[in-house]
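**Student:** structure, please.
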Amino acid sequence: MEQQKLPNATLILIFGIISIVTCCCYGLGLIFGIVAIVMAGKATKVYMANPELYSGYQNVKTGKILSIIGIILSAIYLIYVIYLFSTIGMEGIMNMNEELMKEYGM
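**Tutor:** Here you go, the predicted structure:
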């Protein structure tokens, strides 16, 4: 019997990569990471039921690991942004941006 590709294995891997790339986009990495973990859980259940029928489980495992890393990085960045807003406020952040632009001549 020919092995089938595990459903959504490549998509899980792509979402895991996107969750890391977008970890500094104010929570976008969290969304991709959570979706990838949910999809990986479903794919793992399908694979564990009949492992001889499916190939591509390595992509699922790798995507799950990448999405966990992306979720952690996104959460750390989101906590940092919340901390900045709570301590210096929007005006302080705008002043930081203006100082950086003057410093680098933009």
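
**Student:** can you give me the strands for the chain?
**Tutor:** Applying DSSP state E to the chain gives strands spanning 4-5, 54-55.

**Student:** which other helices and strands contact the helix or strand of the chain with the lowest mean pLDDT?
**Tutor:** Sorting the helices and strands of the chain by mean pLDDT, DSSP states H and E puts helix 89-103 at the bottom, at a mean of 86. Under the contact criterion of 3 or more Cβ pairs under 8 Å, 6 or more residues apart in numbering; DSSP states H and E, helix 89-103 touches helix 57-87. From N, CA and C alone the C-beta is placed, and that goes for glycine too.

**Student:** how close does the residue positioned nearest the centre of the chain sit to residue 89?
**Tutor:** Against the mean C-alpha coordinate of the chain, by Cα atoms, centre = their mean, the closest residue is residue 19 at 2.0 Å. Look at residue 19 and residue 89: by Cβ to Cβ, to the nearest Å, they are 29 Å apart.

**Student:** what do you get for residue 66?
**Tutor:** 35 Å.

**Student:** then residue 74?
**Tutor:** Distance from residue 74 to residue 89, by Cβ to Cβ: 23 Å.

**Student:** neighbour count winner among these two?
**Tutor:** residue 74 (25 against 11; other Cβ atoms under 10 Å).

**Student:** residues near the nearest residue to that one once chain neighbours are set aside, how many?
**Tutor:** Spatial nearest neighbour of residue 74, chain neighbours left out: residue 29 (3.6 Å); criterion: Cβ to Cβ, 6 or more residues apart in numbering. Residue 29 has 26 neighbours, counted by other Cβ under 10 Å.

**Student:** need the contact partners of stretch 49-56.
**Tutor:** 1, 3, 4, 5, 6, 9, 10, 46, 47, 57 (Cβ atoms under 8 Å, 6 or more residues apart in numbering).

**Student:** tell me which two in those are the farthest apart.
**Tutor:** Across the contacts of stretch 49-56, the longest distance by Cβ to Cβ is 21.8 Å; it joins 1 and 10.

**Student:** the two: which is more packed in?
**Tutor:** The neighbour count for residue 1 versus residue 10, taken as other Cβ under 10 Å, is higher for residue 10 (14 against 5).
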